[in-house]
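A.B. asks: Make a model of this:
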Amino acid sequence: MRSGFVAILGRPNVGKSTLLNALTGEKVAIVTAKPQTTRNRIAGVVEVPARKGAPAAQIVFVDTPGVLKPASELDRRMLQEVHEALESRDAALVLMDATRRIGLGAVSKPPVGLDALKGHDLSRAVNVPQKGRALAPERSFVAEPISAPTRTEASAGSSEDEFLFSLIRKLDCPVFLVLTKIDLVRKEQLLPLIESLTRRFNFPQVIPVSARKRDGLDVLVRKIVEVLPKGERYFPKDQYTDQPMRFMVAELIRESILIETGEEVPYASAVVIEQFEEPQPGARNPLTRIAAAIYCERAGQKAILIGKGGSKLKAIGTGARRKIEPLVGTRVYLELHVLVEPGWRESRRFVEQLDWRNQLERLAGERSVEPAAGADDSE
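C.D. replies: From the prediction side, this is the model:
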């Protein structure tokens, strides 16, 4: 059997979380159209059965926040999540949005998936000869665009690309390039893009995929299994993520905020679960009671989150509850309230408290000092 950790990297909004959910077949990570949706590293576990000529495997995919130059304490924390994911990886995937690479606006002709590429030679794209596991530092890491952007856009994109690739140049593991959203790209645009990338990047594999249509996922999994070391499972067969239920619930609430509010508020919002009370075993009408605090930075943001007569907060709660109930398997009573924490994105203490690992440690500490049943601590 083979097993290992595979870090998923990319600039913001390239479809990392969508790919993770498609690979696991579960909603492991929240997904919205807004960049920087992911703030923590999230593991998704995929069991690969043995096939003729191929061993069984367990792949632990680790989704990471979008890579960008940090501008706040929250950004620095997210970048730390990326570094920590790279510390214990057996392979890495670098995702690039194919539609951005060719400067697509609206697609004027019906797009195609991998089926439309049958009959074309993709051997150079999907089976690039491996010349070494590390990326060659002397190579240029800026792909040549097919539809050239403006000079300002090209400069900004090159800078962000260089920052991303600076993180992985010295990795001593296989690093695959994964082109995402190929269902939105026409065949005559995709093939030259792959040619350009395989000329300029020293990746052992370049794999085009569409997570939405599940094109290319089998190829991606097969290529990953080939490079994983022999080993035992890291997680039980039926476990698909390492996240505790409390964190997944908090993320679903934050996803609802991202969907329901405008440009500024989502990035200034954070969610902390204050109460998570599961029903008693055997309850006739089981109900999970959840209370959560939504933090923002200014009073004006709080007013937006609450809305006229509480309408926005109700919409956020309703949207979140509908997603939480299938997750916990019971009806849910969800109580939300909004608090103002000025400048929390620049507060290291507050940002560290948002990490679910730190939250679990704090909860464990609180339980260890609870008075014994029946004890009276009043004076």
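
A.B. asks: Show me the beta-bridge partners of residue 6.
C.D. replies: For residue 6, the beta-bridge partners are residue 61, residue 91 (DSSP bridges).

A.B. asks: That should have said residue 179, apologies.
C.D. replies: For residue 179, the beta-bridge partners under DSSP bridges are residue 96, residue 208.

A.B. asks: lowest average confidence, helix or strand, in this structure?
C.D. replies: Ranked by mean pLDDT, DSSP states H and E, the weakest helix or strand in the chain is helix 123-126, scoring a mean of 39.

A.B. asks: Please look at residue 22 and residue 211 and confirm they touch.
C.D. replies: Yes - checked against C-beta atoms under 8 Å, the pair residue 22 and residue 211 is within contact range at 4.0 Å. (Each C-beta comes from the backbone N, C-alpha and C, glycine too.)

A.B. asks: Next, show the common contact partners of those two.
C.D. replies: Jointly contacting residue 22 and residue 211 under the rule C-beta atoms under 8 Å, 6 or more residues apart in numbering are residue 217.

A.B. asks: Among those two, which residue is more densely surrounded?
C.D. replies: A count of neighbours by other C-beta atoms under 10 Å puts residue 211 above the other of residue 22 and residue 211, at 25 against 18.

A.B. asks: That one is in contact with residue 24, isn't it?
C.D. replies: No - Residue 211 is beyond contact range of residue 24, at 11.1 Å (criterion: C-beta under 8 Å).

A.B. asks: what residues are up against the nearest residue to residue 315 once chain neighbours are set aside?
C.D. replies: Of all residues not flanking residue 315 in the chain, residue 260 sits nearest, at 5.4 Å (C-beta to C-beta, 6 or more residues apart in numbering). The contact partners of residue 260, taken as C-beta under 8 Å, 6+ apart, are 312, 315, 316, 319.

A.B. asks: now, which of those lie within helices?
C.D. replies: Among the contacts of residue 260, the ones falling in helices (DSSP state H) are 312, 315, 316, 319.

A.B. asks: Tell me the buried residues within the residues you listed.
C.D. replies: Among those, the ones that count as buried by 16 or more other C-beta atoms under 10 Å are 312, 316, 319.

A.B. asks: Please tabulate those residues in a markdown table and include pLDDT and distance to residue 64 as additional columns.
C.D. replies: What follows is these, written out as a markdown table (pLDDT from 0 to 100; distance: C-beta to C-beta, whole Å):
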| residue | pLDDT | distance to residue 64 |
| --- | --- | --- |
| 312 | 96 | 30 |
| 316 | 96 | 26 |
| 319 | 96 | 26 |
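
A.B. asks: partner residues bridging the residue nearest to residue 278 when sequence neighbours are not counted?
C.D. replies: Leaving aside its chain neighbours, residue 278 sits nearest to residue 288 (5.6 Å; criterion: C-beta to C-beta, 6+ apart). Applying DSSP bridges to residue 288 gives these bridge partners: residue 332.

A.B. asks: The closest residue to residue 355 other than its chain neighbours: how many residues sit nearby?
C.D. replies: Leaving aside its sequence neighbours, residue 355 sits nearest to residue 40 (C-beta to C-beta, 6+ apart; 6.7 Å). Applying other C-beta under 10 Å, we find 18 residues neighbouring residue 40.

A.B. asks: Look at residue 40 and give its secondary structure.
C.D. replies: Three-state assignment for residue 40 (DSSP: H, G, I helix; E, B strand; the rest coil): coil.

A.B. asks: Looking at it now. What's its pLDDT?
C.D. replies: pLDDT for residue 40: 79.

A.B. asks: wait, isn't it in contact with residue 352?
C.D. replies: No - in this structure residue 40 lies outside contact range of residue 352 using C-beta under 8 Å: 11.7 Å.

A.B. asks: rewinding a little: what would the ones in helices among the contacts of residue 260 look like in CSV with distance to residue 89?
C.D. replies: Listed next are the ones in helices among the contacts of residue 260 as CSV, based on distance: C-beta to C-beta, whole Å:
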residue, distance to residue 89
312, 40
315, 39
316, 35
319, 34
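
A.B. asks: quick one: pLDDT of the spatially most central residue of the chain?
C.D. replies: Geometric centre of the chain, nearest residue: residue 17, 3.6 Å, by C-alpha atoms, centre = their mean. Predicted confidence (pLDDT) for residue 17: 90.

A.B. asks: One more: the one 5 residues further on?
C.D. replies: Residue 22 is assigned 94 on the pLDDT scale.

A.B. asks: element containing it?
C.D. replies: For residue 22, the host element (DSSP states H and E) is helix 16-24.

A.B. asks: Tell me which other helices or strands that helix touches.
C.D. replies: For helix 16-24, the elements it packs on are strand 2-10, strand 42-48, strand 57-63, strand 175-180, helix 217-227, judged by 3 or more C-beta pairs under 8 Å, 6 or more residues apart in numbering; DSSP states H and E.

A.B. asks: closest one to residue 233 among the ones you listed?
C.D. replies: Closest approach to residue 233 among the helices and strands packed on helix 16-24 (C-beta to C-beta): strand 57-63, 4.7 Å.

A.B. asks: could you check the angle strand 42-48 makes with the closest one?
C.D. replies: Strand 57-63 runs at 160 degrees relative to strand 42-48, counting by axes from the mean of the first three to the mean of the last three C-alpha atoms, to 10 degrees.

A.B. asks: can you give me the helices for this structure?
C.D. replies: In the chain, the helices defined using DSSP H lie at 16-24, 73-87, 98-101, 123-126, 151-166, 187-200, 217-227, 245-260, 299-306, 311-328, 348-354, 356-368.

A.B. asks: Can I get the ones you listed in CSV including distance to residue 273?
C.D. replies: Shown next, in CSV, are the helices of the chain (distance: least, C-beta to C-beta, whole Å):
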stretch, distance to residue 273
helix 16-24, 20
helix 73-87, 19
helix 98-101, 35
helix 123-126, 43
helix 151-166, 32
helix 187-200, 42
helix 217-227, 32
helix 245-260, 5
helix 299-306, 17
helix 311-328, 11
helix 348-354, 11
helix 356-368, 8
